[in-house]
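Peer 1: Dropping a prediction and its sequence here:
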Amino acid sequence: MSPVRATLVVLVALVLGCAATGIGMGEAPAERERAPSAAQIADARQRVAGASASVRRGRELFASEGCDRCHSIAAIGAGGKLGPRLDTLDKDADEILESITAPRDEITDGYPEKLMPADFATRLDVAELQALADFVATVSGGEAERGDDGGRGRGRGRSGGD
């Protein structure tokens, strides 16, 4: 291998290594957000442990849909740093559902505009979307679950006028 090529290989490996570990990339916006206190984490764990079947399903979806790779929720050990923390939200299930189904409508300051997938409303059915929103609302201490379907009826097949 020529010296130029060897240098190039080493440089590429170094850049990829830095990118993988976050060296030189600065602090992720989520790392600047206030983490929940130990008491808040304990309360969230208790709320999730005693939650409805819908909230438990939302917890499963949070993991299976990869939400935990980008979002942080201390009570369940989710340590994602690409998206906003979800355990310190001050939103109810309706607002969270809107953020899941229309993530481009309102972007949290400091985060890239197209970071969150915009296809959850087509990948998940209404009950799954509601379960996911109820889980996040429950873990963050927001208001969740208002009746069988919460009176929401949003999700798959939403029209632009909703």
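Peer 2: Structure received.
Peer 1: count of residues packed around Ala133?
Peer 2: Neighbours of Ala133 under the rule other CB atoms under 10 Å: 31. Every C-beta, even on glycine, is put in place using the N, C-alpha and C of the backbone.
Peer 1: all strands of the chain, in order?
Peer 2: Taking DSSP state E as the criterion, the chain carries its strands at 72-73, 78-79.
Peer 1: now what about the last one, what contacts it?
Peer 2: The contact list for strand 78-79 (CB atoms under 8 Å, 6 or more residues apart in numbering) reads Phe62, Ala63, Cys67, Asp68, His71, Ser72, Leu86.
Peer 1: give me every residue that touches the spatially most central residue of the chain.
Peer 2: Nearest to the mean C-alpha position of the chain, by CA atoms, centre = their mean, lies His71 at 3.7 Å. The contact partners of His71, by CB under 8 Å, 6+ apart, come to Ala30, Ala78, Gly80, Leu82, Gly83, Pro84, Arg85, Leu86.
Peer 1: May I see these organised as a markdown table, with pLDDT added?
Peer 2: As requested, the contacts of His71 are exported to a markdown table (pLDDT from 0 to 100):
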| residue | pLDDT |
| --- | --- |
| Ala30 | 60 |
| Ala78 | 95 |
| Gly80 | 92 |
| Leu82 | 90 |
| Gly83 | 91 |
| Pro84 | 90 |
| Arg85 | 92 |
| Leu86 | 94 |
